[in-house]
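Peer 1: coords please:
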Amino acid sequence: MILRIGLRSRILLFFVAIALGSILALGIGLWFGYHRQGSPDMLNAFVQGAVASGFGILALVAGVWFLFDTHLARPMDQLASALRVRTHSDVAEDLDAAQARYLGDLADAAASATATLAKSRNSLAETVARETTRLAADKNKLEHLLSDVPPAVLLCTGRHHIVFYNSVAHRMLSGAKTPVCLGRNLFDYVDDGAIRHGHQRLIEAALPDAVVEFVCTSPCGSRRLAGRMRLARDNGGDAAAYVMTLRDVTGEVAAYARRDGLLSEVFERVRPTVAALAARIGGDGEQERALSIPALRDEVERLDQTLAELATRFDGCRADGWPMAPIDARELAVNLQRQMASSGLSLEIEASALAVRCNAFDIVSLFGHLAQKLASDRDIRAFDLVIRETSDAAEIRLGWQGPAVADSDLKAWLAEPVDGSPGGMSAETILAAHATSLAARGDAGTASIDMFLRPIQRIEPAPADTAFSVVYDFDLLARAYVERIGDTRLDDLAYVVFDTETTGLFPERGDEIVQIAAVRIVNGRRVPGETLDMLVNPGRSIPRSSSAIHGVTDAMVADATSVQEAVERFHTFAHDAVIVAHNAPFDMAFLWRREAELGVRFVNPILDTVLLSAAVFGLNENHTLDDLVSRLAVDLPRSQRHTAMGDTLATAEVFLKLKRVLQARGIDRLSDLLAEVKRYDRLLQDTNQRSDNSKTV
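Peer 2: Got it, this is the predicted structure:
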């Protein structure tokens, strides 16, 4: 027990012992003196002298203790914290000499040691940077290469937790409420049946080169994914780890189903008619054959209508087997502009942010062919191209100044090969493959050729902070599994650091969230791209005094996410993670009050950087986020402060540095850390002590 008492408390106990010992010695001396005189008249004098001397001793000891505490003990504590921070975190600022001015040469020696440590670190960092520049360049090339390979690529542990994913996997598997994250269970994003079965087959086969192919679905069953799986060779000790590729075959399966259905219907609908025709033609006698002629005519007309309908449906299926992919309409327009410029033709383009499913090369060749025919036959050299969204299609309009094209001329041009070579692909073939047609229009000296392509999809700009190539942490393969989260090493935990901006300070009086942001920390580092940042419509007006602090106004949140959806999305984002916040009781209060309404519960362990700071720097220091950012040398632009994401990033960096300092003191497991911060819960409410928090730590 005595070993856990801090330096200042231990010194205080020493002075208390000195005071009590002095008073006891005084009392014993007076007792002997009184008994040697033996005069009762002297008793009052001895008692009064003892009381006065006792108070004098207490005052003297208290005064000396106060000076000792303020000039020696407290500076020693501060110096120890500062040294530990500079030793275990990337803080290179000089020590505050004023705090340790009464410690003699100790402060100068400590400053010299930290300066030498900083120089050694910088020298080592420069050496490592020089030696790893080439490796880093090769690593970046590999990351970008893996980022854009067509299939989704994932590496998972034997317990099906994600260790690696590329950008294709992120786009394919992420939902609005369930973004792909490191360390999360794969089955949060895909159905588990086929994957578990394939994984078990690989383990039982015990062949290093064995490959299993499978088809799985998304959790809601709306998408089909074709996959290939094999065990990972360099698996970090996890023999059941596996690498997997996924490809979205929803469209292909639907195309096969349409073709199979069409062929089945051809046989089903044509066979009865053919059988009826055969029966009527095979009749005996002149009279029977004469009577069957009207019936035969009806059957032939019915067969003709059936074949026409089936042919129309077959035209719609032609595109299923044609090589097509979604392409940005703006890219399509630029490619056509470049091709026409090589022929001396000018093209002004106006294209919406749409993804159009087509064969881009064929569409560019088609419109290039039409422009060439207009230039050679009509001497038209300047064109404009407009690609815009209609109700369910992309309208592509090639326009020019001049008369419209006659339908007969357009038909003749479409019959010609688009590349001008004999036997080449005709424009008609391209149109049939895309299940579309062209229309020539003209009005008041302007003319155009129009086409409609479907399906389309709007292209939403990606947030700047979510750009990434691949995300991985191979150390997760060697992570030990523990039953109780409290026994888990701090570096083996996943953390979600978050912050909110609100309409005010009192959730119980109706104040609400207006912005929420969060980042994930896995294996002791912040994961780029795994973020949550959204404006929230609070359902009430935002006071000007609040907007002046965080910059969020009513206009900014008019069309934003509702509070309920924001809390639900954060709950999903923080699943199975330790929540970290600065002044956590304030932020968590806004989330807890929505639990009953949404049917969710925040049972995550919670760490508060205020209490962590108290554990590192003591209760006498300031623990505001601004003070910690300054004390720990966190590099954050001032303009980002008091925004949800800015404060979240600052809190994350502060947390990582405080965690390293506490780990250096031997606090390496979550249960130990929670026990340590509990000693400072008089400073702030411990959010892990909620009566309804059922998570076992």
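
Peer 1: care to break this structure down by domain?
Peer 2: In the domain annotation for the chain, the residue ranges read 1-134, 148-248, 252-321, 325-458, 480-689 (automatic domain parsing).

Peer 1: what about residue 447, which SS state?
Peer 2: strand (DSSP: H, G, I helix; E, B strand; the rest coil).

Peer 1: ok, now residue 233?
Peer 2: Secondary structure assignment for residue 233 (three-state DSSP): coil.

Peer 1: before we move on, the earlier item: now render the domains of the chain as TSV, adding distance to residue 141, mean neighbour count and mean pLDDT.
Peer 2: The way it works is simple: take the backbone N, C-alpha and C, and place the C-beta from them, glycine included. Conversion of those to TSV gives the following (distance: least, Cβ to Cβ, whole Å; neighbours: other Cβ atoms under 10 Å; pLDDT from 0 to 100):
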stretch	distance to residue 141	mean neighbour count	mean pLDDT
domain 1-134	11	13	74
domain 148-248	12	17	86
domain 252-321	32	12	64
domain 325-458	24	16	89
domain 480-689	18	18	90
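
Peer 1: now the ones you listed in TSV, with distance to residue 473?
Peer 2: Shown next, in TSV, are those (distance: least, Cβ to Cβ, whole Å):
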stretch	distance to residue 473
domain 1-134	18
domain 148-248	6
domain 252-321	33
domain 325-458	31
domain 480-689	5
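
Peer 1: Residue 470 is nearest to which of those?
Peer 2: Closest approach to residue 470 among the domains of the chain is made by domain 148-248 (4.7 Å; Cβ to Cβ).

Peer 1: And that closest one, how far out from the chain middle?
Peer 2: Relative to the chain's own centre, domain 148-248 is displaced by 18 Å; criterion: Cα atoms, centre = their mean, to the nearest Å.

Peer 1: Over to stretch 550-563?
Peer 2: Here stretch 550-563 is found 21 Å from its chain centre; the criterion is Cα atoms, centre = their mean.

Peer 1: can you check stretch 662-670 too?
Peer 2: Here the centre of stretch 662-670 is set off from its chain's centre by 28 Å, with Cα atoms, centre = their mean.

Peer 1: For it, output the C-alpha coordinates as PDB.
Peer 2: These are the backbone C-alpha positions of stretch 662-670, laid out as PDB (Å, rounded to 0.1, in the frame of the first residue of the first chain):
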ATOM      1  CA  LEU A 662       1.000   5.400 -18.500                       C
ATOM      2  CA  GLN A 663       2.200   2.200 -20.200                       C
ATOM      3  CA  ALA A 664       5.800   3.200 -19.300                       C
ATOM      4  CA  ARG A 665       4.600   3.200 -15.600                       C
ATOM      5  CA  GLY A 666       3.500  -0.400 -16.000                       C
ATOM      6  CA  ILE A 667      -0.200   0.200 -16.700                       C
ATOM      7  CA  ASP A 668      -0.600  -2.000 -19.700                       C
ATOM      8  CA  ARG A 669      -4.100  -3.500 -19.400                       C
ATOM      9  CA  LEU A 670      -7.500  -1.900 -19.500                       C
END
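
Peer 1: Identify the residues contacting it?
Peer 2: Stretch 662-670 has contacts (Cβ atoms under 8 Å, 6 or more residues apart in numbering) with 84, 87-88, 485-491, 493, 578, 605, 612, 615-616, 672-673, 676, 697.

Peer 1: now with 6 Å?
Peer 2: By Cβ atoms under 6 Å, 6 or more residues apart in numbering, the list of residues contacting stretch 662-670 from outside reads 88, 486, 488, 489, 673, 676.

Peer 1: what would the residues you listed look like in JSON lines with secondary structure?
Peer 2: Conversion of the contacts of stretch 662-670 to JSON lines gives the following (three-state DSSP):
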{"residue": "88", "secondary structure": "helix"}
{"residue": "486", "secondary structure": "helix"}
{"residue": "488", "secondary structure": "coil"}
{"residue": "489", "secondary structure": "strand"}
{"residue": "673", "secondary structure": "helix"}
{"residue": "676", "secondary structure": "helix"}
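
Peer 1: farthest-separated two in those?
Peer 2: Using Cβ to Cβ, the contacts of stretch 662-670 reach their maximum pairwise distance at 88 and 486, which is 23.0 Å.

Peer 1: Any idea which of the domains of the chain gets closest to residue 472?
Peer 2: In this view, the domains of the chain are compared for proximity to residue 472 by Cβ to Cβ, and domain 148-248 is the closest at 3.8 Å.

Peer 1: Tell me which residues touch residue 404, please.
Peer 2: The contact partners of residue 404, taken as Cβ under 6 Å, 6+ apart, are 440, 442, 447.

Peer 1: wait, I meant residue 519
Peer 2: Residue 519 makes contact with 497, 526, 531, 648, 652, according to Cβ under 6 Å, 6+ apart.

Peer 1: among these, which are in strands?
Peer 2: Of the contacts of residue 519, the ones assigned to strands by DSSP state E are 497, 526, 531.

Peer 1: List the residues that contact the first one.
Peer 2: Under the criterion of Cβ under 6 Å, 6+ apart, the contact list for residue 497 reads 519, 580, 648, 651, 652.

Peer 1: rerun that using 10 Å as the cut-off
Peer 2: For residue 497, the contacting residues are 517-521, 526, 574, 577-582, 607, 609, 647-656, by Cβ atoms under 10 Å, 6 or more residues apart in numbering.

Peer 1: same question, the second one
Peer 2: Residue 526 makes contact with 495, 497, 519, 520, 649, 652, 653, 655, 656 under the criterion Cβ under 10 Å, 6+ apart.

Peer 1: can you redo those as CSV with distance to residue 31?
Peer 2: Listed next are those as CSV, based on distance: Cβ to Cβ, whole Å:
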residue, distance to residue 31
495, 63
497, 64
519, 69
520, 70
649, 68
652, 65
653, 63
655, 59
656, 61
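
Peer 1: closest to residue 191 among those?
Peer 2: Nearest to residue 191 out of the contacts of residue 526 is residue 520 (Cβ to Cβ; 24.3 Å).

Peer 1: Fine by me, thanks again.
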